[in-house]
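Asker: The following block contains a protein sequence and its predicted model.
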2 protein chains.
Amino acid sequence: MTARKPTMEDVARKAGVSLKTVSRVVNQEPHVSPVLQRRVQEAISALGFRRNEAAARLARGATMLTIGLIMENISNEFYSRLAKSVEAAAADHEALVVFGSYEERPERERMLVESMYARGVDSLIIVPSAADHGWLAEHGGLTAVFVDRVPHGLERADVVLLDDVRGGRMATEHLLARGHRRIALISDDEALSSVHARATGYRAALREAGAGVDESLVVRGVFDPWRAGHEVARLLELDDPPTAFFATNNRAAIGIIQALRERPERPAYVGFDDFALADVFNPGVTVVRYDVTRLGRSAVDLLLSPSDTPRRVKVPVELVARGSGELPPPAR
Amino acid sequence: MTARKPTMEDVARKAGVSLKTVSRVVNQEPHVSPVLQRRVQEAISALGFRRNEAAARLARGATMLTIGLIMENISNEFYSRLAKSVEAAAADHEALVVFGSYEERPERERMLVESMYARGVDSLIIVPSAADHGWLAEHGGLTAVFVDRVPHGLERADVVLLDDVRGGRMATEHLLARGHRRIALISDDEALSSVHARATGYRAALREAGAGVDESLVVRGVFDPWRAGHEVARLLELDDPPTAFFATNNRAAIGIIQALRERPERPAYVGFDDFALADVFNPGVTVVRYDVTRLGRSAVDLLLSPSDTPRRVKVPVELVARGSGELPPPAR
């Protein structure tokens, strides 16, 4: 499967005709004698030459859509499920998806946009990092829809978001209803609108319940399970430790599970984002979940129906009780 | 971000010049007066027009590589990790990755190849389904490297495989060494070369240990955790049940964990494929693992260094003991 791709030069040599003649036959232009046409066709068959369809397509002006998907890391479960849902929605329009992960390097996000744009991929779905996105406005002809987070520095942008404030509120109210008052927040970078909104819901629920927000129980900037676990262990060592945790993403929830394997305490916890094995743990992990296919499908829909006015889609969330969020506070 | 993309026609209209003049300026051809050049440049700036870089690139004959990655399902952890490793290796060559999932529909695999090929993506990395791939040989100029499984019906193909026979043997020998004799196999479609090879290692280890292969403990065609769990429960109800399980992929291993949540027995089990939470369960899940980045990197390396002789790379595997594979058989 690794033979060198035959070129038009190879076809011309084999057929004993000029390159121009091959080009005319391939592009179905007039003024080629039937004899030469036959010779070129035979050379093409013999060599397995196939004209560069991308070039031919561009020449015809036809559209075969490729959607660019730019996100943090395809190997994280949230992103791989998002990628699957974008792929499925794109397939309905016979579109393919090219993806790129910027990981912890926001500057790579811009490189990915440029790289896709340079290849003619100008329909993008972006999960924006915390960096400024004002530079995107300079790209005439680029169509971008943002998912999960609001981009910074762009006044007019189509965005598909989760109902994050409500999710943060639901998780916290669920724990409050079981009698918890000291509920810790294990959260990512609050410069991300999603994280900020989930924390806003958490704070609102605590305030409304009269429990108040103890800032010593609010942990920010947790990017991986290991760090989350470390923070959980630290909080549980406090003189007045939390009896419950709200994790604003799946990595933080996994860190909580890991930390609790090593500890005697049995605090309650609720995660944001469902994950494949959440119901296999004992206790099962109570989470705020949503239909990830709606995220991907809404983004593709917005991308393929451009509008002059920016739009904002909000995907609903729900709480799934599986055990970890229903544990009571310890008796005093 | 959704304004219509300005065309060369728009630029020509705005500048009050012919389309041909715009084309000459954009393509930096000679014979355009400085005055007209200036007018076109100003119109381009005003409209945010950017010449179609893909078309320009094809005209220049330059190469900007896009690699197509075709696999079963991007949202499965094995595939999302493979996608990440292919992406990272591709990035070293400034290449992007377009992906496609065929899921349980092998005919979609061919559609994805055709769809990518029609867009000029002729460098492919394919995790082949069980279907025949002889049709691929008809595509002149297509370069494909196969990962994880050997394709059917292709005599000359570059393939990157895991050391599956050895992995199957290691898992089984590990259980035999703990005193297990009745070891069940929970396996996928044996028409897949990887699954077949893992089962071959399992059988060889059992025979060499004098334990023999009891075909009533061999389960094939398990595609999802639910089905695997169902089979585990069925086997544990036998008069002479297995005391250990070898799962030939991560979905089967997860099915075992799920089934055992509901059951009193504590059989040992070893999975093939590591997964993110394997060490968070109690007991931790003993697995045969490998460096997935070597799979992706080897595939990209083969793809970008074509050879006339087909090549086969074998990625080594190792056993990671975490608890589930070290449980002893019940006392008799």
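Answerer: Perfect, thanks for sending it. Residues are numbered from 1 along each chain as shown, chains lettered A, B, ... in the order given.

Asker: switch to C-alpha atoms for all contacts and neighbour counts from now on
Answerer: OK.

Asker: Report the secondary structure element holding the closest residue to residue A:172 other than its chain neighbours.
Answerer: Spatial nearest neighbour of residue A:172, excluding adjacent residues (Cα to Cα, 6 or more residues apart in numbering or on different chains): residue A:202 at 5.6 Å. For residue A:202, the host element (DSSP states H and E) is helix A:193-208.

Asker: re earlier: hmm, residue A:164 and the residue nearest to residue A:172 touching each other?
Answerer: No: using Cα atoms under 8 Å, residue A:202 is not in contact with residue A:164; the gap is 10.1 Å.

Asker: which residues of the stretch 51-200 of chain A score low on pLDDT?
Answerer: A:51-63 (pLDDT under 70).

Asker: which parts of it sit against chain B?
Answerer: A:52-55, A:58, A:64, A:73-77, A:80-81, A:83-84, A:87, A:96-101, A:115-120, A:137-145, A:156-158 (Cα under 8 Å from any Cα of the partner chain).

Asker: Pull the residues that contact the helix or strand where residue A:39 lies.
Answerer: Using DSSP H and E, residue A:39 sits in helix A:34-47. Contact partners of helix A:34-47, identified using Cα atoms under 8 Å, 6 or more residues apart in numbering or on different chains, comprise A:6, A:11-12, A:14-15, A:17, A:21-22, A:25, A:50, B:140.

Asker: ok, residue A:12 - contacts?
Answerer: Counted by Cα under 8 Å, 6+ apart, residue A:12 has contacts A:18-19, A:21-22, A:40, A:43.

Asker: Quickly note the distance from it to residue B:142.
Answerer: Remark: distance between residue A:12 and residue B:142 (Cα to Cα, to the nearest Å) = 20 Å.

Asker: Then residue A:73?
Answerer: From residue A:73 to residue B:142 the distance is 29 Å (Cα to Cα).

Asker: Also residue A:264?
Answerer: For residue A:264 relative to residue B:142 (Cα to Cα), the value is 59 Å.

Asker: my guess is residue A:200 contacts residue A:170, does it?
Answerer: No: assessed by Cα under 8 Å, residue A:200 is found out of contact with residue A:170, at 11.5 Å.

Asker: higher neighbour count, those two?
Answerer: residue A:170 (22 against 17; other Cα atoms under 10 Å in any protein chain shown).

Asker: Residue A:98: what secondary structure?
Answerer: Local secondary structure at residue A:98 is given as strand here, using DSSP: H, G, I helix; E, B strand; the rest coil.

Asker: Please look at it and residue A:65 and confirm they touch.
Answerer: No: taking contacts as Cα under 8 Å, residue A:98 lies outside contact range of residue A:65: 10.7 Å.

Asker: The two: which has the busier surroundings?
Answerer: Shown here are residue A:98 and residue A:65; by other Cα under 10 Å, residue A:98 has more neighbours (24 against 18).

Asker: any idea how far that one is from residue A:125?
Answerer: 10 Å.

Asker: list residues touching both of these two?
Answerer: Joint contacts of residue A:98 and residue A:125 (Cα under 8 Å, 6+ apart) are A:67-69.

Asker: Any of those buried? List them.
Answerer: A:67-69 (16 or more other Cα atoms under 10 Å in any protein chain shown).

Asker: how close does residue A:93 sit to residue A:303?
Answerer: Distance, residue A:93 to residue A:303, by Cα to Cα: 12 Å.

Asker: ok, the two, which is more surrounded?
Answerer: residue A:303 (21 against 13).

Asker: So for the helix or strand harbouring residue A:109, what gets flagged as buried?
Answerer: For residue A:109, the host element (DSSP H and E) is helix A:106-118. Neighbour-count burial for helix A:106-118 flags A:106, A:109-110, A:112-118 (criterion: 16+ other Cα under 10 Å).

Asker: Distance to residue B:272 added to those, as JSON lines?
Answerer: Below are the buried residues of helix A:106-118 laid out as JSON lines (distance: Cα to Cα, whole Å):
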{"residue": "A:106", "distance to residue B:272": "35"}
{"residue": "A:109", "distance to residue B:272": "34"}
{"residue": "A:110", "distance to residue B:272": "38"}
{"residue": "A:112", "distance to residue B:272": "34"}
{"residue": "A:113", "distance to residue B:272": "37"}
{"residue": "A:114", "distance to residue B:272": "39"}
{"residue": "A:115", "distance to residue B:272": "37"}
{"residue": "A:116", "distance to residue B:272": "36"}
{"residue": "A:117", "distance to residue B:272": "40"}
{"residue": "A:118", "distance to residue B:272": "41"}
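
Asker: Go through these and name the one nearest chain B.
Answerer: Minimum distance to chain B across the buried residues of helix A:106-118 is 5.2 Å, recorded for residue A:118 (Cα to the nearest Cα).

Asker: where's that closest one relative to residue A:210, distance?
Answerer: Distance from residue A:118 to residue A:210, by Cα to Cα: 55 Å.

Asker: quick one on the thing from earlier: show me which of residue A:264 and residue B:142 is the more surrounded one.
Answerer: residue B:142 (22 against 7).

Asker: all helices for chain A, in order.
Answerer: Assigned by DSSP state H, the helices in chain A fall at A:8-15, A:19-26, A:34-47, A:53-60, A:77-91, A:106-118, A:164-177, A:193-208, A:225-236, A:250-261, A:292-304.
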